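Asker: predicted model follows, preceded by the sequence.
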Amino acid sequence: MCGIVGILAERPVADLLVDGLRRLEYRGYDSAGVATLVDGVITTRRAVGKLQNLADRLQQEPLPGTVGIGHTRWATHGRPSEDNAHPHFSDRVAVVHNGIIENHRALRAELEAKQHRFKSETDTETIAHLITDYLQQGMTPQAATATALKRLEGAFAIGIIFAGHPNLLIGARRGSPLALGYGDQEMYLGSDALALAPLTNCISYLEEGDWIELTPGKAVVHDANDQVVERKIHQTNLSGAMIGKGQYRHFMLKEIFEQPAVIGDTLASLVTADNKMALPDLPFDWATVPRLTIVACGTAYYAGMVAKYWFEQLAHLPVEVDIASEFRYREAPLPQGGVTLAVSQSGETADTLAAISYAKKQGQKILAVVNVPQSSIARQADAVVPTLAGPEIGVASTKAYTTQLTVLLCLAVAAGVARGKLDAKRAAAILQAVREVPAQLNAVLRDEHKIQELAHHLAEARDVLYLARGALYPLALEGALKLKEISYIHAEGYPAGELKHGPIALIDEFMPVVVLAPHDALFEKTASNVQEVVARGGKVVLFSDAEGQAKIGTKPFWSMALPASDPVVAPLLYAVPVQLLAYYTALAKGTDVDQPRNLAKSVTVE
Ligand code: G6P
């Protein structure tokens, strides 16, 4: 969602701000803007659409100034237009904001009554006028900001500059993340450390309610009670190169190809070379957990659904898995001694955060599987098991998903052993099967050209159905989601057993039906469904193993043999062809794969 950059330097900052915004493009946006002080006066450049439009604008109308703020906006209040693009400003203050100010209507009415003139429909502009109002009452920028912050309700990360104060940049956070970067006499603000990667690797993360005063070479952090506090400085290992596309055309393709390596890294962080568990200490005993509640959104939710099969089958542990935005309002009773597991790539998804805060209030222990260890979800959890996917830039999640599966399978195995449901031999065999996944995936990736050929057919479809059973059923949902997200083709995932209860009515010769069916205990059942589709002229696209291909009993429109594996790891193995199919279909359709329309990488508002 919205991205923020702020820079206080001794050199012109406009180009540096745009550069920082480029590294935040992946979050999703529909307009962008920057503001600096030119001879002490707030001056802005804003543009609708891609960042290049803003860069072109700056080329035509350069913006000097050594202090500035920049923003990529994902529209919430007010359509994407230049007037609604950030920064929002008065003659004294310019503000960039990520989040939502929930009491903006009341504040706006109050400020308009005091003759403050609003130029946009946004909630953000109230922040600029509110601070201005306090400045007009004679307060310093610091006091005006601290006073205004106490009147804001909702979630925000903000960056502020002040007319006539070329050596001051203020930032604040509540609910949305904000990182602070230390340079040599330069100071930076960014929505995440990635935005600041080429500028510095010395980063502090603001805590809930913090606000920060940046002057040349100095940062003073205040907590929610305006007390000066210290925040730890971290050395990040992000480099500009790590977040480049390398030889790949898109981040998504690069990230698909990184999966063998990052699954291997994640496994190595949890399991020793001789297949012994080396999980972090957990603040509960799996043996006595009465129920596990998994909460997540989007692709992470589908990883949670797969985990439900694993925890139930391997550990006989009852699992409830819920979409965080539903769970947070459902008032679900949670058992004493229960554990809530949050799965999230970014660790900043607003609904997932709210879901764990509900679960905490119900006395649950919170376990988080996140890809960003400093994220809000990680900090609110009682224990964290990180995925080691590295920065994921493509909006459509790929390597985060498979590393989440890797962690979740290891947790399920640990739970199975602790609960006496899995003997050491079977546990080691499962971990060995995971260990073999990276090599098997490399073999699948070598066959990507086959999927690319198929994608040209799929690109002509209006609707696509994905079918699977068991732990692969969530992957059918994930496959349909991936296709929708990046190719804009309507797709639905169904448990194959439900075919006859509705979706079979859709089958005709124009409807591709993607079937994920390894030769496992449920294969015969899915093979019958395949025959039902073929009998109605449907085009079956079959992903199976060699044995499954031989025994399918009918000729699919297209099929591909994946390596045979222990059925328990099939959700990992089958994820990659499903991702490639979405990617190449989107490529054939010519859509913007890494930044699909309307989508945000990290959904930090409700
Ligand atoms: C957005 C992204 C998805 C992601 C979901 C949950 O919808 O586009 O790719 O799966 O948010 O995000 P999280 O960071 O919590 O995994």
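Answerer: Happy to help now that I have it. Numbering: from 1, shown residues only.
Asker: now the residue of the stretch 451-600 of the chain found nearest the ligand: which helix or strand?
Answerer: Across the stretch 451-600 of the chain, no residue is closer to the ligand than Leu599, which sits at 5.2 Å (CB to the nearest ligand atom). Heads up, the C-betas are built off the backbone N, CA and C, glycines and all. Using DSSP states H and E, Leu599 falls within no helix or strand.
Asker: check Asp508 too.
Answerer: Assigning secondary structure by DSSP H and E places Asp508 outside every helix and strand.
Asker: what's the average pLDDT for the helix or strand encompassing Leu58?
Answerer: Assessed by DSSP H and E, Leu58 sits inside helix 51-60. Helix 51-60 carries an average pLDDT of 96.
Asker: and the helix or strand hosting Ala300, what's buried?
Answerer: Remark: Ala300 resides in helix 298-315, with elements defined by DSSP H and E. Using 16 or more other CB atoms under 10 Å as the test for burial, helix 298-315 gives 298-311, 313-315.
Asker: how about the CA coordinates for the helix holding Leu58, as CSV?
Answerer: C-alpha atoms of helix 51-60 as CSV (Å, rounded to 0.1, in the frame of the first residue of the first chain):
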residue,chain,number,x,y,z
LEU,A,51,6.2,6.8,-11.0
GLN,A,52,7.7,7.5,-14.4
ASN,A,53,5.0,10.2,-14.8
LEU,A,54,6.4,11.9,-11.7
ALA,A,55,10.0,11.4,-12.8
ASP,A,56,9.0,13.0,-16.2
ARG,A,57,7.3,15.9,-14.4
LEU,A,58,10.5,16.5,-12.3
GLN,A,59,12.6,16.5,-15.5
GLN,A,60,10.4,19.2,-16.9
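Asker: next secondary structure after it?
Answerer: Past helix 51-60, the next helix or strand by DSSP H and E is strand 67-73.
Asker: can you show me the helices along the stretch 151-300 of the chain?
Answerer: Here the stretch 151-300 of the chain has its helices, by DSSP state H, counting those that start in this stretch, at 251-257, 259-270, 298-315.
Asker: contacts only, for the residue lying closest to Thr403 once chain neighbours are set aside.
Answerer: Spatially, and ignoring its direct neighbours in sequence, Thr403 is nearest to Thr387 (3.7 Å; CB to CB, 6 or more residues apart in numbering). By CB atoms under 8 Å, 6 or more residues apart in numbering, the contact set of Thr387 is Val262, Thr266, Gln345, Val369, Val370, Asn371, Ala400, Thr403, Gln404, Thr406, Val407.
Asker: how close does the second one get to the ligand?
Answerer: For Thr266, the distance to the ligand equals 15 Å [CB to the nearest ligand atom, to the nearest Å].
Asker: so who does that residue touch?
Answerer: Contacts of Thr266 (CB under 8 Å, 6+ apart): Thr387, Leu388, Ala389, Thr403, Thr406, Val407.
Asker: okay, those in CSV with secondary structure and pLDDT next?
Answerer: Formatted as CSV, the contacts of Thr266 follow (DSSP: H, G, I helix; E, B strand; the rest coil; pLDDT from 0 to 100):
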residue, secondary structure, pLDDT
Thr387, coil, 97
Leu388, coil, 96
Ala389, coil, 96
Thr403, helix, 98
Thr406, helix, 98
Val407, helix, 98
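Asker: including distance to the ligand, could these go into TSV?
Answerer: Compiled in TSV, the contacts of Thr266 are given as follows (distance: CB to the nearest ligand atom, whole Å):
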residue	distance to the ligand
Thr387	10
Leu388	15
Ala389	11
Thr403	11
Thr406	15
Val407	13
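Asker: between those residues, which is closest to Lys254?
Answerer: Lys254 lies nearest to Ala389 out of the contacts of Thr266, by CB to CB, at 12.0 Å.
Asker: for that closest one, what are phi and psi?
Answerer: Phi and psi for Ala389, reported as degrees, to the nearest 10, are phi -80, psi -20.
Asker: so what's it up against?
Answerer: So Ala389 contacts Glu255, Glu258, Val262, Thr266, Gln345, Asn371, Lys399, Ala400, Thr403 (CB under 8 Å, 6+ apart).
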